[in-house]
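Participant: Sharing a model that was predicted from the sequence below.
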Amino acid sequence: MLENCRNARERWGGVSELIDRWLLARQELLVHYCDLSGENDFTQTEALKQKFIKLCEVLMDYVSTGHFEIYEQLVKEAREFNDGGLELAAKVYPRIEKTTEVALNFNDQLDSTELTEQDVSALFEKLSHLGENLETRFEMEDFLIEHLHNVHSDKVAPA
């Protein structure tokens with residue numbers, strides 16, 4: 001029994017650290033989002049474009065880490081514990097994918113051309129839509145972390 005706990009801790013203890021770093025990246029994403037959403041002077045188009053570019057960089061890093069690191073580890077853990085987590089993930093991931101599409105589409109709105117005030121205004125409208133989708137995404141991600149990882153914390157906690 002002790003050996004099983006030790007093996008689980010070795011396999012899944014690092015997942016908590018990975019999730020913690022990812023949640024810090026989420027916090028950085030929210031800081032950039034809030035910084036932009038508080039803007040109301042659309043005449044500073046170049047400065048705003050730089051803020052949008054930075055937001056998109058952080059957004060793409062966050063989304064990529066989720067898909068290629070976090071979710072992969074959560075599914076691996078669910079498979080290992082075989083307690084219904086795979087079925088849960090199969091229901092939630094398609095909904096997360098929809099929010100990924102919104103994030104990718106938002107990112108694609110920025111190109112190398114100069115932005116007009118009208119372009120900036122349109123980006124702010126889309127920023128609001130992005131924010132709503134991020135809120136939904138964060139709720140689903142937190143749900144998955146709770147039900148695919150935290151539920152096993154007693155099996156991987158230090159002895």
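Facilitator: Sure thing, it's come through. Keep in mind that what you see is a predicted model, and the values were worked out from it rather than measured.
Participant: Where does the prediction get shaky in this protein?
Facilitator: 1-15, 112, 150-159 (pLDDT under 70).
Participant: The chain: helices as residue ranges?
Facilitator: 2-37, 45-65, 71-81, 85-108, 117-144, 153-156 (DSSP state H).
Participant: Reformat those as TSV; add mean neighbour count.
Facilitator: All C-beta atoms are positioned from the backbone trio N, CA, C, and that covers glycine. As requested, the helices of the chain are exported to TSV (neighbours: other C-beta atoms under 10 Å):
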stretch	mean neighbour count
helix 2-37	14
helix 45-65	16
helix 71-81	17
helix 85-108	15
helix 117-144	16
helix 153-156	14
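Participant: From residue 17, how far off is residue 134?
Facilitator: To residue 17, residue 134 is 23 Å away according to C-beta to C-beta, to the nearest Å.
Participant: go on, residue 111?
Facilitator: Distance, residue 111 to residue 17, using C-beta to C-beta: 37 Å.
Participant: repeat for residue 121
Facilitator: Separation of residue 121 from residue 17 (C-beta to C-beta): 41 Å.
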